[in-house]
Structures are given as C-alpha cells and as structure tokens.
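Q: Would you be able to build a 3D model of this:
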Amino acid sequence: MESLSEIIKKYNFKHYHKIDKICSPLKDHLSISIFIYYRIETDGKFVTLSNFPEQIDFYYCQELYLVNPFLVHPSLLRPGCLFTETTPNQDYQRAIHLSQEKFHMYNTFLVVTKSALFLEGFLFGNKVPNFKKIPNYLNYLDLLEKFSVYFKQEAGQPLGRMAAEQLNMHKAKGEAFLKREEGLPLSNEGYAKKFTSAISTLSLREQQCLELFRQGRSAQSTAAILGISRRTVEHYFDSIKIKLKCRSKSDLHEKAFF
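A: Modelled structure (predicted):
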C-alpha cells in the first residue's frame, strides 16, 4: 500500500506537464512561478497538486506537512489571505526556510476559501528573494480568484483520480489535525466570531440559523436544535437572504464563511 508521500509524488510528477501548462498564465502575465493547490474535506480527505513537483515531493517526504497549521480541519480556519512568512508558528517557519534554501521558493502567498464540506488552499510564490520585487498579490486578488476557478476546471481529471486514492490528512496528522493554532492568522478563534457577530446586520437567531446552515444542517434539523418550527426557520432564511443580498440558499454558502 502506497504512503501519503508516495501517492502525492506519483500524481505530481505524472501530471507535471499538464499542471505546468495550466499555471503558465500566472508566470507569463503575473510573474508568479510557483503554485500549489490543496483541498481538505471535513472528514480529512485530502488532495494536492503543484507545478513544482520536486518541492512538494521533498515537503511530504520530509513530513514537513505535520507542522503546517493550515493543513487542519476546515472548521479551524476562516477564509482569507496572508503571506505565509508572517505566520508565528516557529516549526512552520523552519519548514518555510528549508524550502527557501533548497528550492529558492520565496514570498509565498496563501489564499484560503471554504464551503460547507471542505477547505481549499491556493499557494502562490516565486523565486525572487527580494521582498520589494514580489508580485503585487493584493492587487491581483480578483485575478487569482479567477485563476483558482480555472485551475480546478482544467485539473479536474487528475484531482478526481487523486481523490479516489483516499488520502486522509486527519489520519496522517492525528490529533494535530484537530488542534487550533493560537494567534494564527486566519484562525477561526472566538474573537473572530465575536467580531463578525458585532458587525453583523443579522439578529442573534438569524446568526444561529446561518451558523447551523454552515455546518450543513437542514431546515428541519435547525428547527429541532433551536426549538422552533421549520416554517419559522424558513422565515429567518428569507430575512437573511434579503439582508445579505442573496437570491437563493445556495448563494448563502459564500456569505456564510466570512
């Protein structure tokens, strides 16, 4: 039976030319030469592809993923973006420095997105150590978002085949998969929820309904948990859609993960 690192190596080297071609617009137009994609589902299922197979092979063979605070259960993180060099975790910082020294992989910028069932990470980087010469990621956010959609469409076949291998980050990391890193940028800590609640236009009951919706609960299940009728729950969702300017419940997925 192949190990996690062996499967990751197999898929990333086998599909290198396809992934490199998909990523060529990043290099040609935005001066971004390195791209890594990963997806983690709530049950731990995991896939990752990159246009830099040598680095990703080294990363997983050396088990550096074990100290990566962004490879955790989706509920522990919130959507957003950051330069990974700003992450306070010292073990993770050492892993970043190893990649810099061995592969000249600098200025890595991570974008995290979420849905009801999984978390996705889009890591961008280049080989220019001078911080002043890095791509202007923040100005490119809309373009990076479009590329992320494009990448998943074009890489759908290898991603699907890799998913069939049943890689599991929970099994690989054990309890660390469920451990929140205190003070980590993008950590879904209590202060983030309190801040969101403080600036929300939703009532407390509407926030509760939206949170249960985020967890994948049905209207019937939400009603049972809150001790109200299903009709009342649907009334709350009608109000939520108006306040968040959503036309349907499916549109709430994006609004539910701020």
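Q: For the stretch 51-200 of the chain, which segments count as helices?
A: Counting by DSSP state H, counting those that start in this stretch, the segments of the stretch 51-200 of the chain that form helices are 53-61, 90-103, 141-154, 156-163, 169-173, 190-199.
Q: Need the residue in this structure that's farthest from the chain's center.
A: S229 (34.8 Å; CA atoms, centre = their mean).
Q: looking at the helices of the stretch 51-200 of the chain, which is closest to P74?
A: Comparison of these against P74 by CB to CB identifies helix 169-173 as nearest, at 10.5 Å. All C-beta spots, glycine's among them, are computed from the backbone N, C-alpha and C.
Q: got the CA coordinates for that closest one in CSV?
A: What follows is helix 169-173, C-alpha atoms only, in CSV (Å, rounded to 0.1, in the frame of the first residue of the first chain):
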residue,chain,number,x,y,z
MET,A,169,-4.8,14.3,6.4
HIS,A,170,-6.6,13.5,9.7
LYS,A,171,-5.0,10.0,9.7
ALA,A,172,-1.7,11.5,8.7
LYS,A,173,-1.5,14.2,11.4
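Q: three-state assignment of I228?
A: coil (DSSP: H, G, I helix; E, B strand; the rest coil).
Q: Make 444 the first number, not 1, from now on.
A: From this message on, residue numbering opens at 444, which makes the last subject I671.
Q: Tell me the spacing between it and T665.
A: 8 Å (CB to CB, to the nearest Å).
Q: do R521 as well
A: Note on R521: its distance to T665, by CB to CB, is 21 Å.
Q: Which of those two has more residues huddled nearby?
A: Between R521 and T665, T665 has the larger neighbour count (other CB atoms under 10 Å), namely 23 against 19.
Q: Remind me which helix or strand the more buried one belongs to.
A: helix 662-669 (DSSP states H and E).
Q: What's the local residue count around the nearest residue to F501 once chain neighbours are set aside?
A: Once flanking residues are discounted, F501 sits nearest to K545: 6.7 Å by CB to CB, 6 or more residues apart in numbering. Applying other CB under 10 Å, we find 13 residues neighbouring K545.
Q: domains for this protein, by residue range?
A: 447-621, 643-698 (automatic domain parsing).
Q: ok now do the residue farthest from the centre of the chain, which residues does it touch?
A: Residues in contact with S672, defined by CB atoms under 8 Å, 6 or more residues apart in numbering, are A666.
Q: if we can go back for a sec, do I have it right that the residue nearest to F501 meets Y502?
A: No: between K545 and Y502 there is no contact under CB atoms under 8 Å: 9.9 Å.
Q: Which residue, other than its chain neighbours, is closest to N532?
A: Going by CB to CB, 6+ apart, N532 has P512 as its nearest residue, at 5.2 Å.
Q: give me the low-pLDDT residue ranges for the stretch 494-643 of the chain?
A: Low-confidence segments of the stretch 494-643 of the chain, defined by pLDDT under 70: 572-577, 633-636, 639-640.
Q: make it 90
A: Scanning the stretch 494-643 of the chain for pLDDT under 90 picks out 518, 521, 527-534, 538-544, 547-550, 557-560, 569-579, 581, 623-643.
Q: Mind listing what's buried along whatever helix or strand comes next after the helix holding T665?
A: Towards the C-terminus, the helix or strand next in line after helix 662-669, according to DSSP H and E, is helix 673-686. For helix 673-686, burial by neighbour count (16 or more other CB atoms under 10 Å) applies to 675-676, 679-680, 683-684.
Q: before we move on, what about stretch 592-608?
A: Neighbour-count burial for stretch 592-608, with 16+ other CB under 10 Å as criterion, is recorded at 594, 598, 601-602, 605, 608.
Q: how about R690, what does it touch?
A: So R690 contacts K684 (CB under 8 Å, 6+ apart).
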